[in-house]
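1. Fold the following for me, if possible:
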Amino acid sequence: MSASQSYTLRGQLTRLDTTTRITLAVLALASGVYTYLGVRELLDGTATTVFLGAIVYSSAVSVAIYAFWSYLMRFMPHVRQPGSRRMLYVAMGLGAAMIIAMSSWLNAAALAGAAALEQHLAVTTEEYQGKLNEAHENALAAQSLLPDIQLASQRFARLSEQEARSGVLTGTSGSGTVVQLLRQMSNQLTGLQGEITASREDVKTLFGEGGERLSAMRQLVSSQGPIADRANAYAEQAVALSGLITALQQTSVAPTVRRAAEDLGRTFIAPIADGADDDLRTRQSEVVGRVETAVQAQSQALAAAADEILARPVVVPVRFTPLSSPEAVIRYARDFLPSWAGAISIDLLPAVLIFILCIVQDVIRREDGEEMETGDMSAAELMRAIRIQKKLRTAETDETLPAAARADMATHDPRDVPDDDIVQANTAGGPTPFPKTVVR
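-> Numbering: from 1, shown residues only. Okay, the predicted model is just below:
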């Protein structure tokens, strides 16, 4: 049964030899084609130079892959010594690494290059979206100071009106020193309020333009057509969007609020009391002192709020970096693992066939045992062995042999030594193991 199974395995190996050669050739050719598509993106020059360079490189890759795996398929299954087998495994690992380095990543670039470039554009778009939002938030942060400035302005204006109408602060109605001072503070705050309100429109306009640029960039990412043309158009939109982000940061009125707050408290000049009598002038001076204290407090509050806004990190616009297909596949390799697996499998699939051949050869050797070499002898080798045996027997009957050796040869049946190369012969007139044919 063992001999029958061994014979069957040998026959199957013989039948699959052509299939193995064709498989290796097809895999090497496929790897060469995808390598050509991948390396073409890396070469620069005229169309002829790029074509010839890609063809030469891909052809070298195909030949190297076919030769490498053919060598291993021929030698590895027949090597029995563990040390030699381990050295072949090391050679296979080293060769597989070289194949991945010179071919597999280019195969992955050919399989997923366009998708990787789209991934790069999509990721860059999200980065631009984040930068635009951040710049917009910084620009709008100064708008949060507007309610406080409005309240302070209204408070000074209301006190001015009450003082002029009923003398709520000094006890004497009329337009005097206190009324003029309160109106002056209110006008300053109202002017600052106007600057903040005007900047809101600029921020809104710039943010709207940035949103339009982002929409165009997303459309380029998801649209159909050659990825190279879309990447060029995307780069133009990215440059324009970077300019909008920079302009959006410059529209922030936080520095203006900070300077106005400092001027409000530092440049306060108390007017001279102009009351009709000493008692009124004294009251006016007291009210002016209280107003100065209130202005100082308002100035410090606005300056502190502006400092918090100015302490935010400056938004650095994203710099769009164009990538080639191989570079994009390597950068976003984790997002394209199936493509990488397919590209590597094309190059390393023959390793599985080698393992199968090694297993089958081990099974054949175990079942054949010591008679494996004899079973592999051809008819020509068998006839050559018989002739060598005949020459050895003839040499034993030579006169130069010792007497004991010749006596030993005399005991042998002469019929054991055929006269020619015929394997089987019957002695004339002697008994035969086969029955005679009946003549009719």
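
2. Poorly predicted segments of the stretch 201-350 of the chain, please.
-> When the per-residue scores of the stretch 201-350 of the chain are filtered using pLDDT under 70, the ranges that remain are 263-285, 287-289, 292.

3. Repeat the analysis, applying 50 as the threshold.
-> Within the stretch 201-350 of the chain, the set of residues satisfying pLDDT under 50 comprises 269, 272, 274, 276.

4. My guess is residue 110 contacts residue 42. True?
-> No - contact criterion C-beta atoms under 8 Å: residue 110 and residue 42 do not qualify, at 11.5 Å. In this view, the C-beta of every residue, glycine as well, is placed from N, C-alpha and C.

5. okay, those two: which has more neighbours?
-> The residue with the greater number of neighbours, taking residue 110 and residue 42 and applying other C-beta atoms under 10 Å, is residue 110; the counts read 23 against 16.

6. Spell out for me which residue occupies the centre of this protein.
-> residue 332 (2.1 Å; C-alpha atoms, centre = their mean).

7. There's contact between it and residue 116 in this structure, I believe.
-> Yes - contact between residue 332 and residue 116 holds when scored by C-beta under 8 Å: they sit 5.2 Å apart.

8. which secondary structure elements does the lengthiest helix in the chain contact?
-> In terms of residue count, the longest helix belonging to the chain (DSSP state H) is helix 177-222. Under the contact criterion of 3 or more C-beta pairs under 8 Å, 6 or more residues apart in numbering; DSSP states H and E, helix 177-222 touches helix 105-141, helix 146-166, helix 227-250, helix 254-266, helix 278-310.

9. gap between it and the chain center?
-> The chain centre lies 42 Å from the centre of helix 177-222; the measure is C-alpha atoms, centre = their mean, to the nearest Å.

10. Give me the angle between it and helix 105-141.
-> 160 degrees (axes from the mean of the first three to the mean of the last three C-alpha atoms, to 10 degrees).

11. and the angle from helix 177-222 to helix 227-250?
-> Per the same axes, to 10 degrees, the angle that helix 177-222 makes with helix 227-250 is 170 degrees.

12. secondary structure element for residue 392?
-> Secondary structure assignment for residue 392, by DSSP states H and E: helix 379-396.

13. what's that helix packed up against?
-> With contacts defined as 3+ C-beta pairs under 8 Å, 6+ apart, the secondary structure elements packing on helix 379-396 are helix 403-410.

14. per-residue confidence averaged over the helix it packs on?
-> Confidence for helix 403-410, expressed as mean pLDDT, is 54.

15. sec struct for residue 225, please.
-> When the structure is split into helix, strand and coil by DSSP: H, G, I helix; E, B strand; the rest coil, residue 225 lands in coil.

16. Look at it and say how many residues are nearby.
-> As a burial measure, residue 225 scores 9 neighbours (other C-beta under 10 Å).

17. again with residue 74
-> Considering only other C-beta under 10 Å, residue 74 is surrounded by 11 other residues.

18. follow-up on the earlier one: let me know the angle separating the longest helix of the chain from helix 146-166.
-> Going by the same axes, to 10 degrees, helix 177-222 makes 160 degrees with helix 146-166.

19. who wins for proximity to residue 380 among the helices and strands packed on helix 177-222?
-> Taking C-beta to C-beta as the criterion, helix 105-141 is the member of those that comes nearest to residue 380, at 46.9 Å.

20. Okay, buried residues for that closest one please.
-> Judged by neighbour count using 16 or more other C-beta atoms under 10 Å, the buried positions of helix 105-141 are 105-121, 124-125, 128-129, 131-132, 134-136, 138-141.

21. and that helix, average pLDDT?
-> The predicted confidence, averaged over helix 105-141, sits at 87.

22. how far is that helix from where the chain is centred?
-> Averaged C-alpha coordinates place helix 105-141 at 13 Å from its chain's average position (C-alpha atoms, centre = their mean).

23. who does it touch, helix- and strand-wise?
-> Here helix 105-141 is seen to pack against helix 2-39, helix 177-222, helix 227-250, helix 325-331, helix 337-368 when contacts are counted using 3+ C-beta pairs under 8 Å, 6+ apart.

24. Tell me which of those sits most buried.
-> Stretch with highest mean neighbour count among those: helix 325-331 (a mean of 21; mean count of other C-beta atoms under 10 Å).

25. chain center to it, what's the gap?
-> Here the centre of mass of C-alpha atoms in helix 325-331, compared against the chain's by C-alpha atoms, centre = their mean, lies 6 Å away.

26. Check which helices and strands it is in contact with.
-> Other elements packing on helix 325-331 under the criterion 3+ C-beta pairs under 8 Å, 6+ apart are helix 105-141.

27. tell me the angle the helix it packs on makes with helix 2-39.
-> Computed by the same axes, to 10 degrees, the angle between helix 105-141 and helix 2-39 is 50 degrees.

28. Just the angle for helix 105-141 relative to helix 337-368, thanks.
-> Using the same axes, to 10 degrees, the inter-axis angle of helix 105-141 relative to helix 337-368 is 150 degrees.

29. quick thing: my sequence starts at 47, can you match it?
-> That works, and once the first residue is 47, the last one we named lands at helix 151-187.

30. Tell me who's in contact with residue 174.
-> Neighbouring residues of residue 174 by C-beta atoms under 8 Å, 6 or more residues apart in numbering: 260, 263, 284, 287, 291, 364.

31. what do you get for residue 51?
-> Contacts here follow C-beta under 8 Å, 6+ apart; on that basis residue 51 touches residue 413.

32. measure it to residue 58 for me?
-> Spatial separation of residue 51 from residue 58 under the definition C-beta to C-beta, to the nearest Å is 11 Å.

33. Would you mind putting the CA coordinates of stretch 288-301 into PDB?
-> As requested, the backbone C-alpha atoms of stretch 288-301 are provided in PDB (Å, rounded to 0.1, in the frame of the first residue of the first chain):
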ATOM      1  CA  SER A 288      -4.800  79.000   3.400                       C
ATOM      2  CA  GLY A 289      -4.900  82.700   2.500                       C
ATOM      3  CA  LEU A 290      -8.500  82.900   3.800                       C
ATOM      4  CA  ILE A 291      -7.400  81.300   7.100                       C
ATOM      5  CA  THR A 292      -4.600  83.800   7.500                       C
ATOM      6  CA  ALA A 293      -7.000  86.700   6.700                       C
ATOM      7  CA  LEU A 294      -9.500  85.400   9.100                       C
ATOM      8  CA  GLN A 295      -7.000  85.500  11.900                       C
ATOM      9  CA  GLN A 296      -6.100  89.100  11.100                       C
ATOM     10  CA  THR A 297      -9.800  90.200  11.500                       C
ATOM     11  CA  SER A 298      -9.700  89.500  15.200                       C
ATOM     12  CA  VAL A 299     -10.300  92.700  17.200                       C
ATOM     13  CA  ALA A 300      -8.900  91.300  20.400                       C
ATOM     14  CA  PRO A 301      -5.700  93.400  19.900                       C
END
